[in-house]
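Asks: Below are the sequence and a predicted model for it; my questions follow.
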Amino acid sequence: MSADPERAVCVYCASSRTSHPEYREEAHRLGAVLAREKLTVVYGGGGAGSMGALADGALAAGGRVIGILPRFMSDLEWGHTGLSELQLVEDLRTRKHLMLTRTQAAIALPGGSGTLEELLEAITLKRLGLYLNPILLVNTRGFFTPLLQVLERAVSEHFMDPRHLLMWQVVDRADEVPGALRRAPDWSATSRGFAAV
């Protein structure tokens, strides 16, 4: 893949066509915001829902968008047809690995089980010192608030260290993303020293 990893971000998002329109509108705005920041968008390659809106927003603003799509999804014609680049892979595991390792930040928009699984994997890898880049949640309609409460409960119940709450940042709107990425605290492999509590 030809994206410069220092200028690319991974975005996790949903393919639902029936979620509240505000989710797709914010995804479209995020695509435009990232394009204006000259950040390549690397995402799951879908053409529907927030996925399609994200890509359309970035492309309309002159941005570069790379989709990483499992072959079975391509066979089902779930892919976006107008991307800068579409990479077909064999499975979801490979897709997740490439999205995360070829970018310099992970951004999560609201979504279902797949989006949440991707986000929590990124958080887990960061806890283990295997992923050191910013993780950002765009909390449209307060979607992530219950998850954040569960993570805080995990800390209060001593399943996680209080320092783990620094692994992610939360914003309410797409236009807050660039500043939040710049302000994200540094994270290093020394975090392995408190991965276990």
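Replies: Structure received. Numbering: from 1, shown residues only.

Asks: Okay, helices next: where are they in the chain?
Replies: 21-36, 49-60, 71-75, 92-101, 113-127, 145-156, 177-183 (DSSP state H).

Asks: By mean pLDDT, show me the worst of those helices.
Replies: Between those, the one with the least mean pLDDT is helix 71-75; it has a mean of 82.

Asks: returning to what we had before: just say which of the helices of the chain is most tucked in.
Replies: Mean neighbour count, computed with mean count of other C-beta atoms under 10 Å, is highest for helix 49-60 among the helices of the chain, reaching a mean of 24. Where C-beta positions appear, they are placed from N, C-alpha and C, glycine not excepted.

Asks: give me the number of residues near Ile66?
Replies: 24 (other C-beta atoms under 10 Å).

Asks: cool, and Phe143?
Replies: 18.

Asks: among the helices of the chain, which is nearest Met167?
Replies: With C-beta to C-beta as the measure, helix 113-127 is the member of the helices of the chain nearest Met167 (4.8 Å).

Asks: Distance to Leu137 added to the helices of the chain, as JSON lines?
Replies: JSON lines is the format used below for the helices of the chain (distance: least, C-beta to C-beta, whole Å):
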{"stretch": "helix 21-36", "distance to Leu137": "12"}
{"stretch": "helix 49-60", "distance to Leu137": "14"}
{"stretch": "helix 71-75", "distance to Leu137": "24"}
{"stretch": "helix 92-101", "distance to Leu137": "15"}
{"stretch": "helix 113-127", "distance to Leu137": "7"}
{"stretch": "helix 145-156", "distance to Leu137": "8"}
{"stretch": "helix 177-183", "distance to Leu137": "10"}
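
Asks: Can you say which of those helices is nearest to Ser191?
Replies: helix 113-127 (6.9 Å).

Asks: how much does the closest one deviate in direction from helix 145-156?
Replies: If you take axes from the mean of the first three to the mean of the last three C-alpha atoms, to 10 degrees, helix 113-127 sits at 30 degrees to helix 145-156.

Asks: Would you mind pulling up the elements that helix 113-127 packs against?
Replies: If you count contacts as 3 or more C-beta pairs under 8 Å, 6 or more residues apart in numbering; DSSP states H and E, helix 113-127 packs onto strand 8-12, helix 92-101, strand 106-108, strand 135-138.

Asks: can the ones you listed go into TSV with extra columns for distance to Trp187?
Replies: Below are the helices and strands packed on helix 113-127 laid out as TSV (distance: least, C-beta to C-beta, whole Å):
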stretch	distance to Trp187
strand 8-12	16
helix 92-101	14
strand 106-108	12
strand 135-138	9
